[in-house]
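Enquirer: would you be able to build a 3D model of this:
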Amino acid sequence: MNNNKSRVHFIAIGGSVMHNLALALHQKGYQVTGSDDIIYEPSNQRLREKGLLPEKEGWYPKKITRDLDAIILGMHARPDNPELIKALDLGMKVYSYPEYIYEQSKNKQRIVIAGSHGKTTITSIILHVLQYWKKDFDYLVGAQIEGFELMVKLSDAPIIIIEGDEYLSSPIDRVPKFLHYKQHIGLISGIAWDHINVFPTMDEYVKQFDKFADASPKAGILIYSENDALATVIGAKEREDVLNIEYKSHKHKITNGTTYLITDHGEIPVQLFGEHNMQNLNGAKAVLKKIGITSEEFYEAIQTFKGAAKRLELLSKNHNTVVYKDFAHAPSKLEATTKALKKQYPKRQLYACLELHTFSSLNKNFLSQYQNTFNAADVAMVFYSPKTLEHKKVEYISPEDIKEAFQRKDLLVFTDSQLLEAYLVEKEWSGKNLLMMSSANFGGLDLQMLAESIGHKQ
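Expert: Residues are numbered from 1 along each chain as shown. Down below sits the predicted model:
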């Protein structure tokens, strides 16, 4: 598998991590092919630039031949995918991408960052600090990071940093991704029920993190947030010859909209903010300490970290208003993100809008988890698209259902992106901030253009 002439075929190559893995293997010298029924941007353009974009959309069993060294199956593909069926009929090994990442990193020290929230930010901080100090490392992260061309790197580096997702690995591999990586150092940032479509109960969801912790090897290290009750219950459990390390929020203060870390080296200004990010920062610091980065080195490097794409990403800023977008969609993320922005600018009104888009957030049985999580916003808004309900084939949800679930009578509910945009554009924004939270795109709303429009009004 490490032969540079290896031939690898991707079934559902257009996925976020899948196309990055394809590009990483191409960069490594592998012969890469792939198929997909639809490929969105930026995957389409990035694959085209490297000559990896399939000539035609769709599935073509003739692409599956015995001379392939590996077939990697994406979560987007269905179990009855014709290429998958042919591969199985031929008796060929079909990898999920986490299985393949493990195959590529068997001889490395594997560091896996897990958690319902914070794992992308923690992983990104670790990568930023290691790159700042010109260390040699491989990685897999679930977001684009400034200074990194790809979300995946595979080389001869001695260590690999992996963002460990708890979602299922593939349509035929119904195991959480993070259980495939067999970590030497593992971190659990926090646990809050999510992915109700595959983990229908809280207990079933939490059990996956217990399995992750139990996978810690002898002489392994398990790091966990003591600010999170469930992470603490799982992380503090005694496991033979496993070192447990707990961390909590870094001491900090906020002055004129800037967060400063309080350290033995003085007050260090950082571009991250919010209590949850102070936890993320200290989690990353604990990992980095175990792989040779001193506190002094960490504090020097962290000052230039701007954050992962879509995680509290600044869209526009002037003296009176800031506009942020965030990937938040789960209840715990919604609460943490709104509290963070309100605390950073306590004298400004906070307008915050959440898009319900995931299977969990659009499930009537899960909606009650949002109760009281939007209280930090002065004006709270929810957007969802009836077309998304139809596409995901979930039970109809009315605006009244949402207001009842959030337990907020003044909640504004929008189902039309144009009406939402009109409401926001017409506002007077001096002394107000806007936070837009979604794992989707608000029905095609151009958030950057919206942010610039708001900024230019003043």
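Enquirer: every contact and neighbour count from this point should use C-alpha atoms.
Expert: Will do.
Enquirer: is it fair to say G190 lies in a helix?
Expert: No - G190 is assigned coil when assessed by DSSP: H, G, I helix; E, B strand; the rest coil, not a helix.
Enquirer: if I look at it, how far off is P176?
Expert: 16 Å (C-alpha to C-alpha, to the nearest Å).
Enquirer: who has more neighbours, those two?
Expert: G190 (24 against 19; other C-alpha atoms under 10 Å).
Enquirer: and the gap between the more buried one and T258?
Expert: Relative to T258, and taking C-alpha to C-alpha, G190 is found at 25 Å.
Enquirer: which pLDDT value goes with F327?
Expert: You'll see F327 listed with a pLDDT of 88.
Enquirer: right, I mislabeled it, should have said E390
Expert: 88.
Enquirer: how many residues are close by it?
Expert: E390, neighbours per other C-alpha under 10 Å, totals 11.
Enquirer: show the contacting residues for N81.
Expert: W59 (C-alpha atoms under 8 Å, 6 or more residues apart in numbering).
Enquirer: where do the helices of this structure begin and end?
Expert: Remark: helices assigned in the chain by DSSP state H are 16-27, 43-49, 82-89, 97-104, 119-132, 202-214, 229-235, 275-290, 295-302, 331-344, 386-392, 399-406, 417-425, 447-456.
Enquirer: quick one: the strands in the stretch 301-450 of the chain, in order.
Expert: 313-317, 322-326, 349-355, 379-383, 412-414, 432-437 (DSSP state E, counting those that start in this stretch).
Enquirer: just checking, what packs against the first one?
Expert: Translated: strand 313-317. Packing partners of strand 313-317 (3 or more C-alpha pairs under 8 Å, 6 or more residues apart in numbering; DSSP states H and E): strand 322-326, helix 447-456.
Enquirer: out of those, which gets the lowest mean score?
Expert: Looking at these, the bottom one is helix 447-456 with a mean of 90.
Enquirer: only the C-alpha atoms, please, for that helix, written as PDB.
Expert: Output of helix 447-456 as PDB, limited to C-alpha atoms (Å, rounded to 0.1, in the frame of the first residue of the first chain):
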ATOM      1  CA  LEU A 447     -23.300  35.500   4.100                       C
ATOM      2  CA  GLN A 448     -20.200  37.400   3.000                       C
ATOM      3  CA  MET A 449     -22.200  39.800   0.900                       C
ATOM      4  CA  LEU A 450     -24.800  40.100   3.700                       C
ATOM      5  CA  ALA A 451     -22.000  41.000   6.200                       C
ATOM      6  CA  GLU A 452     -20.500  43.600   3.900                       C
ATOM      7  CA  SER A 453     -23.900  45.100   3.300                       C
ATOM      8  CA  ILE A 454     -24.400  45.400   7.100                       C
ATOM      9  CA  GLY A 455     -21.000  46.900   7.500                       C
ATOM     10  CA  HIS A 456     -21.400  49.500   4.800                       C
END
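Enquirer: name the helices or strands packed onto that helix?
Expert: strand 313-317, strand 322-326, helix 417-425.
Enquirer: where does the chain dip in pLDDT?
Expert: For the chain, the stretches with pLDDT under 70 are 1-4, 457-458.
Enquirer: highest mean neighbour count out of the helices of the chain?
Expert: helix 119-132 (a mean of 24; mean count of other C-alpha atoms under 10 Å).
Enquirer: what angle sits between that helix and helix 295-302?
Expert: 100 degrees (axes from the mean of the first three to the mean of the last three C-alpha atoms, to 10 degrees).
Enquirer: so what does helix 119-132 touch, helix or strand wise?
Expert: So helix 119-132, by 3+ C-alpha pairs under 8 Å, 6+ apart, packs with strand 109-114, strand 159-163, helix 275-290, helix 295-302.
Enquirer: cutoff 7 Å now
Expert: strand 159-163, helix 275-290, helix 295-302 (3 or more C-alpha pairs under 7 Å, 6 or more residues apart in numbering; DSSP states H and E).
Enquirer: closest to K427 out of the ones you listed?
Expert: Distance to K427, taken as C-alpha to C-alpha, is lowest for helix 275-290 among the helices and strands packed on helix 119-132, at 29.1 Å.
Enquirer: which residues touch the closest one?
Expert: Under the contact criterion C-alpha atoms under 7 Å, 6 or more residues apart in numbering, helix 275-290 has outside partners G118, T121, I122, I125, I126, Y247, K248, S249, H250, F298, A336, A340.
Enquirer: over to stretch 328-348?
Expert: 117, 192, 194, 254, 257, 273-276, 350, 354, 356, 369-370, 373-374, 376-377, 431-433, 437-439.
Enquirer: which among the strands of the stretch 301-450 of the chain is found nearest to L222?
Expert: Comparing these by C-alpha to C-alpha, strand 322-326 comes nearest, at 28.4 Å.
Enquirer: which ones are touching the residue lying closest to Y40 once chain neighbours are set aside?
Expert: Excluding its sequence neighbours, the residue lying closest to Y40 (C-alpha to C-alpha, 6 or more residues apart in numbering) is G14, at 7.1 Å. Each residue near G14 by C-alpha under 7 Å, 6+ apart is listed here: D36, I39, S43.
Enquirer: no more questions from me, cheers.
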